[in-house]
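**Student:** predicted model, plus sequence, below.
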Amino acid sequence: MSNVILVKSDFDRFSEWADEFRKHDILAVPWDDMARHRETVKYALVWQPEPGALASLPNLEVIFSVAAGIDHLKGEGLVPAGIPVVRMVEDSLTAGMVEYIVYNVLRFHREMPVYERDQTNRIWKPRVQQSAWDRTAGILGLGVLGSAAAVALHRLQFNVIGWSRNPKQVPEVTSYFGQDQLEPFLEQTEFLVILLPLTEDTGGIVNRDFLNKLPRGAYVINAGRGPLVVDEDLLAALDQGQIAGAALDVFNQEPLPTESPYWKHPAVTITPHVASITLPATSTRHVADNIQRHREGKPLTHLADLSRGY
Ligand code: NAP
Ligand code: GLV
């Protein structure tokens, strides 16, 4: 096997990666064995590498991010100059995210947190149900994952709008773009789905002013990155009823510290950064395809732009 890939994953499952890469004739070596393979490694598949580690590989040609987001690769000494970075775009990751978003929008739309509370108190209290087509889901970040979630929500007959940097054409989804169109997007959004990357432009975007532009009683679902949200402002908006509920998968600090007020907030649902997880069986295909392209001198797919941040 002439293609050697160094793997540093987010979960401890090296043998699974190695088995899947072997099917593509790629030899995976574990991160801890870097010193032994320094000269032969041409590719690296990484999540949160230590500063300087990738720069110590003299024959490294391409870096693959285990994650769709590349914020974990931003920082002094993380990525050696001139080495391309490919971000993760693969079917399971997209499917998992669509499930998480659809599940949470439906959960709020059908007031499941309220019924769960009622059940705890043995309360039988039917509430009037609204039609999906009378409700608007707004997707903040209409990229690979946001577009797929938008299409799925539209299939369930929600009115779906999206916001991105550039105009988008997603069937049946109204595209808002740029700073000027953020306000009209927010004014309609009853279910805010956050799927932006974390960049210099987006950090802290979900602050008090932003939340106050949403209709009163809106819901927030954050599957993008924790630092997109100003925690104090979201907690205040939840306490004031401006935001009726939040499903949070990502946090400013992970693992979420035990003292975080989110843990005990009655209107907050927490998951530990699992909205969607990169799976070796499917993602190794994406990596193997790109390695093949690279060897044939073709352009890589899903190249990230480190200076842009996604
Ligand atoms: P993507 O395809 O790169 O899409 C990013 C979207 O954000 C694009 O529509 C982009 O607009 C928009 N955007 C970026 N900066 C913007 C700005 N300043 N103003 C307005 N729009 C902006 O990324 P993706 O694959 O959908 O992934 C999105 C994020 O999801 C990742 O970066 C990661 O943080 C998160 N994620 C989380 C999990 C999890 O388990 N929680 C799993 C996977 C991914 P343009 O297209 O117009 O440039
Ligand atoms: C996970 O958070 C990802 O960016 O893929």
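**Tutor:** That came through fine. Ligands and ions are numbered 1, 2, ... in the order given.

**Student:** low-confidence ranges, the stretch 1-150 of the chain, go.
**Tutor:** 1 (pLDDT under 70).

**Student:** what is the burial count for residue 267?
**Tutor:** Residue 267 sits with 18 neighbouring residues when counted by other Cβ atoms under 10 Å. For the C-beta atoms, the positions are set from N, CA and C on the backbone; glycine is no exception.

**Student:** heads up, I number from 45, so please use that
**Tutor:** Sounds good: first residue 45 from here, last item residue 311.

**Student:** tell me the contacts of it?
**Tutor:** 157, 282, 287-290 (Cβ atoms under 8 Å, 6 or more residues apart in numbering).

**Student:** how far does the longest helix anywhere in the chain sit from its chain's centre?
**Tutor:** If you go by DSSP state H, the chain has its longest helix at helix 135-153. Averaged C-alpha coordinates place helix 135-153 at 11 Å from its chain's average position (Cα atoms, centre = their mean, to the nearest Å).

**Student:** counting contacts, what elements does that helix pack onto?
**Tutor:** Secondary-structure packing of helix 135-153 (3 or more Cβ pairs under 8 Å, 6 or more residues apart in numbering; DSSP states H and E): helix 188-199, strand 235-238, strand 262-266, strand 287-292, helix 324-339.

**Student:** 10 Å instead?
**Tutor:** Here helix 135-153 touches helix 156-164, strand 180-184, helix 188-199, strand 235-238, strand 262-266, strand 287-292, strand 312-314, helix 324-339, going by 3 or more Cβ pairs under 10 Å, 6 or more residues apart in numbering; DSSP states H and E.

**Student:** list the buried residues for that helix?
**Tutor:** Neighbour-count burial for helix 135-153 flags 136-138, 140-142, 144-146, 148-149, 151-153 (criterion: 16 or more other Cβ atoms under 10 Å).

**Student:** re the thing from before, filter the contacts of residue 311 down to the ones near ligand 2?
**Tutor:** With Cβ under 6 Å from any ligand atom as the criterion, the contacts of residue 311 include none near ligand 2.

**Student:** quick one: which of these is nearest residue 81?
**Tutor:** Among the contacts of residue 311, residue 290 lies closest to residue 81 (Cβ to Cβ), at 44.0 Å.

**Student:** any chance of JSON lines for the helices and strands packed on helix 135-153, columns distance to ligand 1 and mean neighbour count?
**Tutor:** Shown next, in JSON lines, are the helices and strands packed on helix 135-153 (distance: least, Cβ to the nearest ligand atom, whole Å; neighbours: other Cβ atoms under 10 Å):
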{"stretch": "helix 156-164", "distance to ligand 1": "20", "mean neighbour count": "13"}
{"stretch": "strand 180-184", "distance to ligand 1": "7", "mean neighbour count": "27"}
{"stretch": "helix 188-199", "distance to ligand 1": "3", "mean neighbour count": "21"}
{"stretch": "strand 235-238", "distance to ligand 1": "8", "mean neighbour count": "26"}
{"stretch": "strand 262-266", "distance to ligand 1": "8", "mean neighbour count": "25"}
{"stretch": "strand 287-292", "distance to ligand 1": "10", "mean neighbour count": "23"}
{"stretch": "strand 312-314", "distance to ligand 1": "12", "mean neighbour count": "17"}
{"stretch": "helix 324-339", "distance to ligand 1": "12", "mean neighbour count": "19"}
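
**Student:** quick one, what contacts residue 174?
**Tutor:** Residues in contact with residue 174 (Cβ atoms under 10 Å, 6 or more residues apart in numbering) are 153-155, 234.

**Student:** interface residues of the stretch 195-344 of the chain facing ligand 1?
**Tutor:** Contact residues, the stretch 195-344 of the chain versus ligand 1 (Cβ under 6 Å from any ligand atom): 208-210, 239-243, 245-246, 267-269, 293-294, 317, 319-320.

**Student:** now residue 162, nearest residue through space, not along the chain?
**Tutor:** Counting by Cβ to Cβ, 6 or more residues apart in numbering, residue 162 lies nearest to residue 169, which is 5.7 Å off, once chain neighbours are set aside.

**Student:** which residues touch the one you found?
**Tutor:** Residues near residue 169 by Cβ under 10 Å, 6+ apart: 158-159, 162.

**Student:** ok, back up a step: of the residues of the stretch 195-344 of the chain next to ligand 1, grab the buried ones for PyMOL.
**Tutor:** With 16+ other Cβ under 10 Å as the criterion, this PyMOL line picks the buried residues out of those:
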select buried, resi 208+209+239+240+241+242+243+246+267+268+269+293+294+317+319+320
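
**Student:** helices - which of the residues of the stretch 195-344 of the chain next to ligand 1 land there?
**Tutor:** Judged by DSSP H, the subset of those located in helices is empty.
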